[in-house]
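Novice: what's the 3D shape of this:
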Amino acid sequence: MHQSVSLLHVKDPLFKRMGASRLARFAIDDQRRMKIVEIGGAQELLNMLGSARDERTQKEALKALSALSKDDSDIVSTIADEAVKALHNGGAISVIKSTPDTFEDAEIGAYKSNLLKRFQDLRYDISS
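Specialist: Here you go, the predicted model:
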């Protein structure tokens, strides 16, 4: 996981996408999601999304952020909620909302909608 987060620091968008993709694959349960947040992966993904110049990089960042904020249990998961709280505290809502929608890649819009819905479900104000 640490290596994947360190790939997000590289200037080359290909390496950033590889790091984000790997983090999305690591984020399969609450413990791993929280570990990614604890080692700074969530904040680095937000930074990556905010500075992304191409749609593929935006898409990978949104996909990884979506994986981090996912709550796949039927019961309330406080760990997943903590991951979403960390994203919120890192300024995720404004970064996600500022990512332009694209006609070529509808997945970007879907990831944005899912993330914003997750914030809304946890009663974070997404109007700002």
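Novice: Skipping adjacent residues, who's closest to residue 105 in space?
Specialist: Distances taken as Cβ to Cβ, 6 or more residues apart in numbering put residue 55 closest to residue 105, at 5.3 Å, once the chain neighbours are dropped. Backbone N, C-alpha and C define where each C-beta goes, glycine included.
Novice: do you know how far that neighbour is from residue 49?
Specialist: Distance of residue 55 to residue 49, given as Cβ to Cβ, to the nearest Å: 12 Å.
Novice: Name the residues contacting each of these two.
Specialist: Counting by Cβ atoms under 8 Å, 6 or more residues apart in numbering, residue 55 and residue 49 have no shared contacts at all.
Novice: Which one's more surrounded, the two?
Specialist: residue 49 (23 against 15; other Cβ atoms under 10 Å).
Novice: ok, the more buried one touching residue 96?
Specialist: Yes. Counting by Cβ atoms under 8 Å, residue 49 sits close enough to residue 96 to count as a contact (7.2 Å).
Novice: if I look at the two, which residues touch both of them?
Specialist: 62, 65.
Novice: Flag the shaky bits of the chain, pLDDT-wise.
Specialist: In the predicted model of the chain, residues 71-77, 79-80, 103, 128 satisfy pLDDT under 70.
Novice: all helices of it, in order?
Specialist: Ranges of helices within the chain are 2-7, 13-26, 30-38, 41-51, 55-69, 78-89, 92-98, 106-121, based on DSSP state H.
Novice: where's the spatially closest residue to residue 120 that is not a sequence neighbour relative to residue 38, distance?
Specialist: Closest residue in space to residue 120, ignoring its immediate chain neighbours: residue 126 at 5.4 Å, by Cβ to Cβ, 6+ apart. Per Cβ to Cβ, residue 126 is found 25 Å from residue 38.
Novice: ditto for residue 69
Specialist: 15 Å.
Novice: Looking at these two, which is more packed in?
Specialist: Set residue 69 next to residue 38 and count neighbours by other Cβ under 10 Å: residue 69 wins out with 26 against 13.
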